[in-house]
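1. Predicted structure and sequence below. I'll ask about it afterward.
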Amino acid sequence: MFSTGVSITVYNNLGSQRTKYGTILSFAISSKSEMHCFYENFGKDARLRIKVTGVNAQSPELHMRLTSPSMEFSEWFHNRDELMYHGKAEEEGYYEVCVTARVNYGQLRVNVEMFGHNEEELKQKVSEKVELESTRRAIFEAEFQPSG
């Protein structure tokens, strides 16, 4: 038997900026009628990557439904072993990710990775960080220049 589940939140730290980047979940499914739903907040235009993996079975049949906050977008995805969704968040808010699987006997351990980032915001934060580090380096070098 498996433990109930595990959740890990992944953050991106750039200087004093701490931004949530995604969530990794691990849980067990013990019946084909069992569906687990999770909610992840994504910003508008965020690039999404959602991956569902069956861990402890040979070629498990996996199913995932992704629904936008307004429910305007709601789509099912199906595959064996692993499901991968790449897309763009057309609206800001909490997206619903529901996962189920065909389980013949016992429990299937499932891992779900949900990541989203806005590429332009990320580029801006990296640029600000590089500029800040450059300024700090220039100040440090000016303060500790040997006088001659």
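-> Thanks, I have the structure now. Numbers count the residues shown, from 1 in each chain.
2. In a helix, Ala142, correct?
-> Yes. Counting by DSSP: H, G, I helix; E, B strand; the rest coil, Ala142 falls inside a helix.
3. Tally up the residues packed near it, please.
-> Here the number of neighbours of Ala142 (other C-beta atoms under 10 Å) works out to 8. To be clear about C-beta, it is placed using only N, CA and C from the backbone, and glycine gets the same treatment.
4. That one and Glu128: what is the separation?
-> 21 Å (C-beta to C-beta, to the nearest Å).
5. Also Ala101?
-> 43 Å.
6. can you check Lys20 too?
-> For Lys20, the distance to Glu128 - C-beta to C-beta - is 18 Å.
7. what does Asn111 give?
-> Between Asn111 and Glu128 the computed distance is 34 Å (C-beta to C-beta).
8. So those two - more neighbours on which side?
-> Using other C-beta under 10 Å as the criterion, Asn111 and Glu128 rank with Asn111 on top: 16 against 13.
9. Phi and psi next, for that one.
-> With angles defined as degrees, to the nearest 10, Asn111 sits at phi -110, psi 140.
10. which stretches of this protein have low pLDDT?
-> Along the chain, the parts satisfying pLDDT under 70 run over 1-4, 14-17, 122, 126, 146-148.
11. doesn't Gly116 make contact with Arg47?
-> Yes. Here Arg47 reaches Gly116: they are 6.7 Å apart, a contact under C-beta atoms under 8 Å.
12. Compare the two (neighbour count), which wins?
-> Counting neighbours by other C-beta under 10 Å for Arg47 and for Gly116 shows that Gly116 has the greater number, 22 against 15.
13. my read: that one touches Thr23, true?
-> No. The criterion here is C-beta under 8 Å, and Gly116 misses it with Thr23 at 9.7 Å.
14. overlap in contacts of these two?
-> Residues touching both Gly116 and Thr23 (C-beta atoms under 8 Å, 6 or more residues apart in numbering): Glu40.
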